[in-house]
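Undergrad: Turn this into a structure:
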Amino acid sequence: MLRCYAFLAALILVGFTAFEAHADRRVAFVIGNSAYQQIPALKNPDKDARDVANTFRLAGFDVFVARDLTKLEFEEQFRNYLAAADGVDLAVVYYSGHGFQIGGENFLIPVDASLKAAADIEVQAIKLDDVLEQLRSKSKIQVIILDACRNNPFPRKDYWLRDQLIVAGDTGLAQVKSSLNTLIAFATEPGAVAYDGAGSLSPFSSAFTRRALAPDQEIRAVMAAVRRDVVKATNGKQVPWENSSLIDDVVLLRGPSQPAPEKVQPSGVELGALNLPSGAAEAIESRDISIPVGVGPVSLKLDFPTGDPAVSLKLASYPATGMLSLPDRILPPQSSLTADEVDNLRYEPQIGSATPVEVGFEIRAGNASRSATMKLSPSLNPCDQAAGAPLDLQGVVRGRLPNEIGGAAVEACEAAVTAYPDVARFHYELGRALLAAGKVDEARKAIQDAADKGHVRAVFELGSIASSGIGTAVDPTKASGFYSQASDKGDPYAMAAWGRALFNGLGVQRDTGKGLDLLLRAAAMGHINAMNDLALIFQEGRNGVPADPARALAFLRAGIERQGVYSMSILGLPARSTQTAAVCKPKVVRKTITKIKVVRIPTPKTPPVVEVPIDTGPAPWRGSNGDHPEPRGGGGSDDGSSEGSSSGSSDTGTSTGSDTGSTGGFDGVSSGLF
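TA: Residues are numbered from 1 along each chain as shown. Alright, predicted model coming up:
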């Protein structure tokens, strides 16, 4: 059965950044999109994703699995995955679903995409290059597997990309830009047809899952075996293709270094007669252990009562999320460990998962065995809950904006830093809490400590401090340096701030093209104020970017979908500044309003400013997802955007000395209003 020109690509890239050592630390994000809402559903993605997830789990990966993702769900789950992928040796993304190319760029399609308007591709689809750039900034080796429909299933064929309206290209996936130590593999040669096959999996997915677990096989040998299998299964109609510039070996599954020794029954004891020591099963049975999220593997401290070499344990059931390990190795499903290893057993919860998981053991002594089950419950540190930052790709929560941080956050984060001094995130969150409490000098030190320990958002925060002049002189040039550094490491807030600076020439030489691209990348990661900036740019056309009100509206709608209060304000302000008159007629005729006449009225005088107390706790009406204003005296900005600013930058390219404020007004409305 023809699979709608399906494609599958695997990319393995080895970066050049030094990473903290993580023995066998590998993560995979597996997505299967089948239940499309606006276009025909696909048969195989959920099954392909299920088998691929099991394959990577058996190979010892921490596997994030998601099915039928909307765009917003992808953003959130991808951020959780990126937090887990920070500093790992090997990061994998597997995607099965619709996907196609436009203008030489590849896009993956969430299940809620409609792509009816030319602007929709930027706000509804996922650009593969953005996924790759994030992985390159996080991990040493990346693998991306795409099993998707290669043609454009939507009626519309022309879409906006940056500053050009592009017509979708011919059927087929565009080649991905290669770099040193890269392997790119397709299920079939570019432009050719791939098949669903007679079974429940595509020929390529079936071959890949079967061959990937061959012990000690280098990836190029695996792909050669996959190619042979697919050619045979399709009678030569489908020939997988790859391009490699690898200089290092990549092995998905390592075999044991030596055969496991056979268990020896103690002399004088009959088979099956060996009794378990008192408390052996009880050390595991019915335990419910709380495990903190985002601090690395945590010892379970089971206090197993024996080191008898005849006693061993097997993982009879593996936790649905997270990873079990020993200090020297990851434990995949069905692993066995000796009695003296049990006390060193560790568990690391999966970021973004709050559901308790169960672990089942089979305790063996000779031929006798007994089952035991324990529960592991992920828990969030109070510091994360009180002062975590939105869109922090090294964070573990959705986060709070600065004006939502309460007075108890400082104490909670001081305790977290004391308990986990090597976790950079807690130093940064302590800095945020101190800023909210008005303790500027202490806050800057904590944020600098976090930046020195490798926390990327802290680098952005240093730029925000320099831009805003919190406890120091305003220095837009210094701020731009921090923004650029954090942007290169994939931080959405930094990409928005650096993009805004480049687009408007704030403290740097104007580069409209690069600035626009960075704003688009930040918006693609869910950054609401970047969406607002883009809406303002496209409303009237700025710095050579053509005006397109429909494109502006698409970004405002995207912001509103994410509960962006400023997106709502921008869209609503023109209507609130008009005067309308109702005309009564004898007969009511229902009509669709297509045009609204805008009549300007004078802006009312600004009332006197009255000092109000600085934050005494989180405002109860604030949400956790939108971008909200902050009390400036309370310190800090998590965003080089309009929040908390009274200045606002314009589109003239003149530096205001601060990266606060949006790029300008929408339909004549001053950005200083929001």
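Undergrad: Domain parsing of this protein, as residue ranges.
TA: 6-244, 288-379, 400-577+620-673 (automatic domain parsing).
Undergrad: Now the element after whatever helix or strand G97 lives in, going C-ward?
TA: Using DSSP states H and E, the element containing G97 is strand 90-102. In the C-terminal direction, the helix or strand that comes right after strand 90-102 (DSSP H and E) is strand 105-108.
Undergrad: Which strands border that next one, and is each parallel or antiparallel?
TA: strand 90-102 (antiparallel), strand 126-127 (antiparallel) (DSSP bridges).
Undergrad: Where does the residue lying closest to D449 once chain neighbours are set aside sit, in terms of helix or strand?
TA: Counting by Cβ to Cβ, 6 or more residues apart in numbering, D449 lies nearest to H427, which is 4.6 Å off, once chain neighbours are set aside. For every residue, glycine as well, the C-beta is placed using N, CA and C. If you go by DSSP H and E, H427 is part of helix 424-436.
Undergrad: Return the distance of the following helix or strand past that helix from the chain's centre.
TA: Using DSSP H and E, the next helix or strand after helix 424-436 towards the C-terminus is helix 440-452. For helix 440-452, the separation from the chain centroid amounts to 25 Å (computed by Cα atoms, centre = their mean, to the nearest Å).
Undergrad: Just want the angle from helix 440-452 to helix 424-436.
TA: Using axes from the mean of the first three to the mean of the last three Cα atoms, to 10 degrees, the inter-axis angle of helix 440-452 relative to helix 424-436 is 160 degrees.
Undergrad: Now tell me what touches helix 440-452 from outside.
TA: Applying Cβ atoms under 8 Å, 6 or more residues apart in numbering, the external contacts of helix 440-452 come out as 417, 424-425, 427-428, 430-435, 458-459, 461-462, 465, 470-472, 635-636.
Undergrad: and the spatially closest residue to Q334 that is not a sequence neighbour, which of the three is it?
TA: Spatial nearest neighbour of Q334, excluding adjacent residues (Cβ to Cβ, 6+ apart): L315 at 6.1 Å. At L315 the chain is in strand, as set by DSSP: H, G, I helix; E, B strand; the rest coil.
Undergrad: Residues in a beta bridge with L315, which ones?
TA: L315 forms beta bridges with F361, as assigned by DSSP bridges.
Undergrad: Going forward, the N-terminal residue is numbered 23.
TA: Okay, residue one is now 23; in that scheme the one you just asked about reads as L337.
Undergrad: List the contacts of it.
TA: Counting by Cβ under 8 Å, 6+ apart, L337 touches L346, L353, P355, Q356, S357, S358, V381, G382, F383.
Undergrad: Show the buried residues in these.
TA: Among the contacts of L337, those classed as buried by 16 or more other Cβ atoms under 10 Å are L346, L353, S357, V381, F383.
Undergrad: Tabulate these (CSV), appending pLDDT and secondary structure.
TA: Listed next are the buried ones among the contacts of L337 as CSV, based on pLDDT from 0 to 100; DSSP: H, G, I helix; E, B strand; the rest coil:
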residue, pLDDT, secondary structure
L346, 96, strand
L353, 92, strand
S357, 92, coil
V381, 94, strand
F383, 91, strand
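Undergrad: in the stretch 73-222 of the chain, which spans are strands?
TA: Taking DSSP state E, counting those that start in this stretch, the strands of the stretch 73-222 of the chain run over residues 84-89, 112-124, 127-130, 148-149, 163-171, 180-183, 186-189, 204-208.
Undergrad: send the alpha carbons of the longest one over as CSV?
TA: By that I understand strand 112-124. Taking C-alpha atoms only, strand 112-124 is exported to CSV below (Å, rounded to 0.1, in the frame of the first residue of the first chain):
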residue,chain,number,x,y,z
LEU,A,112,22.9,11.4,22.6
ALA,A,113,19.5,13.0,22.0
VAL,A,114,16.9,11.4,19.7
VAL,A,115,13.7,12.8,18.2
TYR,A,116,11.4,10.4,16.4
TYR,A,117,8.4,11.9,14.5
SER,A,118,5.7,10.1,12.6
GLY,A,119,3.0,12.1,10.9
HIS,A,120,2.4,14.6,8.2
GLY,A,121,5.3,16.8,7.0
PHE,A,122,6.4,18.5,3.9
GLN,A,123,8.8,21.1,2.5
ILE,A,124,8.4,24.8,1.6
